Every structure is written in structure tokens, then in C-alpha cells.
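> When you get a sec, could you give me coordinates for this:
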Amino acid sequence: MLVRFATKRLEKCYREVAVARREWGERVARMYVQRINTLHAARDARDLFALRALDCHPLKGERKGQYAIRLGDRERLIVAFADTELTVVRIEEVSRHNGD
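Below you'll find the predicted structure:
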């Protein structure tokens, strides 16, 4: 799968784990890099939905069209698919989820 980043900062956090640690802490930084590596390895979105540990699911409301992937207990990676074949994913943000 082709991975794109919404911001240079998100890309830098992937390429330089020390930056990610400062941004989110050790645990979330490590999971962020692992999840991006998983996205790179996936063929398309079906691979992501098949991996239960990711908890990849569509979002609702104003985030319709975006998907969440679990990073930690409350942290999630927000992504959107940039093509109809679901083979290009765009990293939108890392957010803290506080419930519905």
C-alpha cells in the first residue's frame, strides 16, 4: 500500500522516532511507526480490516470517510483512503479518543 502523510510533521515522526517520542511519548511513538510499517506492507484496505489487533473501523459524523486504527488505549491513528481501489492511504493525524 502506498502511504502518504497529511503533514511534514507526521512524516518526520515516522522517519525520526525521537521526534515521535517527543510528540506522543514512547509507547504511542513505537506503535505509530509499527502501524505505518503495517500500512506499507498491506496490499489494500482489506488486509487492514482482517488484522483484528489494528481495530480499523470507519468513523462517523464529520469524520465520515476516515478510518481509525488503534495506537494505544485512547490514542488512534486517523487515516483516509485516497483512491477507489483502497491502495493509497493518507495519514491524517494522531488523536486521543475520549469515547463517543
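
> Show me what the longest helix along the chain is packed against.
Looking across the chain with DSSP state H, the single longest helix is helix 26-41. Other elements packing on helix 26-41 under the criterion 3 or more CB pairs under 8 Å, 6 or more residues apart in numbering; DSSP states H and E are strand 2-5, helix 8-15, helix 17-24, helix 45-50, strand 75-81, strand 88-96. C-beta coordinates here come from the backbone N, C-alpha and C atoms, glycine included.

> could you give the mean pLDDT of stretch 20-31?
The average pLDDT within stretch 20-31 is 96.

> Alpha carbons only: can I get it in CSV?
What follows is stretch 20-31, C-alpha atoms only, in CSV (Å, rounded to 0.1, in the frame of the first residue of the first chain):
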residue,chain,number,x,y,z
ALA,A,20,7.6,11.0,17.6
ARG,A,21,8.7,10.3,21.2
ARG,A,22,8.7,14.0,21.9
GLU,A,23,5.3,14.4,20.3
TRP,A,24,3.4,11.5,21.9
GLY,A,25,5.6,9.6,24.3
GLU,A,26,7.5,6.3,23.9
ARG,A,27,4.6,3.9,23.7
VAL,A,28,2.5,5.8,21.1
ALA,A,29,5.6,6.6,19.1
ARG,A,30,6.6,3.0,18.9
MET,A,31,3.0,2.0,17.9
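
> and it, which residues are buried?
20-21, 24, 28-31 (16 or more other CB atoms under 10 Å).

> For those, work out which two are farthest apart.
Taking CB to CB, the two most distant members of those are Arg21 and Met31; they sit 11.7 Å apart.

> which helices and strands does the helix or strand of the chain with the lowest mean pLDDT pack with?
Within the chain, no helix or strand scores below helix 45-50, which has a mean of 91 by mean pLDDT, DSSP states H and E. If contacts are counted by 3+ CB pairs under 8 Å, 6+ apart, helix 45-50 sits against helix 26-41, strand 66-70.
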